[in-house]
Structure formats: C-alpha cells, structure tokens
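> Need the 3D shape of this:
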Amino acid sequence: MENKSPKQIRELIRNNKWIKPTTGLAKGYIQANLAVLPKEQAFDFLLFAQRNPKSCPIIDVTEPGSGVPILSAPNANIKTDIPKYRVFRKGELTEELTDVTSVWDDNMVGFLIGCSFTFEEALLKNGIPIRHIEENCNVPMYQTNIQSIKAGHFEGPMVVSMRPMLEKDAIRAIQITSRFPSVHGAPVHVGKPEVIGIQNINKPDFGDAVTIKQGEIPVFWACGVTPQAVAMHVKPEIMITHAPGYMFITDLKNDQFSIL
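Numbers count the residues shown, from 1 in each chain. Sure, this is the predicted structure:
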C-alpha cells in the first residue's frame, strides 16, 4: 500500500478490499474526517466548525445531495470511499457500514474536516515516534470536559487524540504541529489527563489504548471526532460520520496546509 496513490487506495476501499484504519496510508496526502447532515442543519454546522477551528477545521463541503468533494478529490465519492462509516439517528449509533449510498439522499451535505494524521508525517520526519503507528493500532481518542462554542443547535464536548512522548519531544511536537492550523494545529493540553476530564488514560472513548512508557507524558490534540460527540449530545435526526481512524484520503498534499 505504501506506493499507491490516493486514487488507487480509494478504489480499494470502494471495493471493500481495505476495511481497516487508514493511518500511514498515502504518505504526503491529507486525510479527512467526515460529517454529513441534512442541508437544513448544514449552515449551523458550518458555523459551529467556524467557531471551533481547532477540532473542526473544514477542508471541503459538498453540494446538497452530492458525494463529490470538488476541492479536495473531484474524482472521488464520500459515500463509498471511506473504509467504515457510522450512522447516528437521534444521537444513537445505529449502523456501521462500508458504503452509505443506501442512507444518503438529495438533502445531504458532506463536510470533510482536517485530521491529525497530516501532522504525524511531519512529526515522524523530525524523529518523533508515533506510538499507535508503532503498535499498528488506532490512535486513542477521549471525550473531554472542554466545551465547544455553541452554534445554532450544535454544542458539546471536544474530543482529543493522544500521543505519548518524552518531554523533549513534546516541546518539539508543539512547534511542529503549530505549523498546521488547518489540521488541528498545536496541542490543547499536555500532561495531566484528569485536568481535561479524562479519568482513565488506558480506556479511550474511541480508538485503541497505547503503551505509555516510563518518562513519557500524554500530549493531547483537538480531534475531528468531535462531531460524533456533538451528535450524541444534540441528537439530530440523522448524522453520518466516518468510524474513528477510518478516514477519507484526499488528493491534497500535506505541505499545502503548512504555514511555514
């Protein structure tokens, strides 16, 4: 998979030949979280994202009814090109699917949201290890006590992703990820997880637990899974998202989103 293009990987995903997390795939290219809502709620969600850019940095928005992300992958379809989707109905997770064509209608608007997988490449290039990649699992994600700024009907807690690091690496990671404000930017918290409402670091709300070694501290970034926590809180009639860690791979290059 290492040498395959985003288009080739999306074709494998579309044909159910890759139903696994997308961490480490299509190196150099932006991966994105997904949130899909009826168009009547789309403006409120766009406003929510604009007010909460750390957790919901918008990469692309589709036309109502269309699954084609014109700006980020014009030959793709967000209805079919993500390995695993989640469908929430009135705040309850009702289905996990590999294709959401059957639940999509002409009223749906899709939002692609920046993903921390983008800055992970920059961290690796600077010699900072990424534990969930080393352990071949999904990044751990946690619901926090940090409240998002409300917009219309949308409100709820921020979700964060966590990467354990040595203190010297954490300082460098802050510097590196600050260059990527469009994909979550710098961490929102470093150190004590209980300060942001995480009671058990070994039991993430989403993703997988990873090893935290002696001398390492947890570093937390705002996460694009936040809309799923919002969906559970606000309970819209229907909301389609990606399954955490199963992202949409765009045709956009990571370096297009670096400010330096």
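
> contacts, neighbours, all on C-alpha from now
Will do.

> Leaving out chain neighbours, which residue sits closest to K54?
H184 (4.7 Å; Cα to Cα, 6 or more residues apart in numbering).

> how near is that neighbour to V109?
Separation of H184 from V109 (Cα to Cα, to the nearest Å) stands at 22 Å.

> picking that back up, was I right to think the residue nearest to K54 contacts I59?
No - when contacts are counted by Cα atoms under 8 Å, H184 is not listed as touching I59 (11.5 Å).

> Could you report the pLDDT at S148?
For S148, the pLDDT comes out at 94.

> Distance of G191 relative to R163?
With Cα to Cα as the criterion, G191 and R163 are 11 Å apart.

> of these two, who's got more company?
R163 (23 against 15; other Cα atoms under 10 Å).

> any idea which element the more buried one lies in?
strand 157-166 (DSSP states H and E).

> List the buried residues in the helix or strand following that strand.
Following strand 157-166 in sequence order, the next helix or strand is helix 167-177 (DSSP H and E). Applying a neighbour-count criterion of 16 or more other Cα atoms under 10 Å, one finds 167, 169-170, 173-174, 176-177 buried in helix 167-177.

> Return the closest of those with respect to I128.
Closest to I128 out of the buried residues of helix 167-177 is D169 (6.2 Å), distances taken as Cα to Cα.

> So which residues of the protein form strands?
Listed in chain order, the strands of the chain (DSSP state E) span 29-38, 58-61, 85-89, 92-97, 108-114, 141-147, 157-166, 189-190, 216-222, 239-242, 248-253.

> where does the chain have low pLDDT?
Judged against pLDDT under 70, the low-scoring parts of the chain cover residues 1-2, 257-260.

> Show me how it divides into domains.
Partitioning the chain according to automatic domain parsing yields domains covering residues 6-115+227-253, 117-222.

> quick one: the first one to chain centroid distance?
Mean-position distance between domain 6-115+227-253 and its chain equals 9 Å (Cα atoms, centre = their mean, to the nearest Å).

> Compute the first-to-last residue distance for it.
Calculated as Cα to Cα, the first-to-last residue distance of domain 6-115+227-253 is 10 Å.

> Stretch 53-71 now?
Stretch 53-71 stretches 19 Å from its first residue to its last (Cα to Cα).

> Now do the buried residues in it.
53-64, 66-69.
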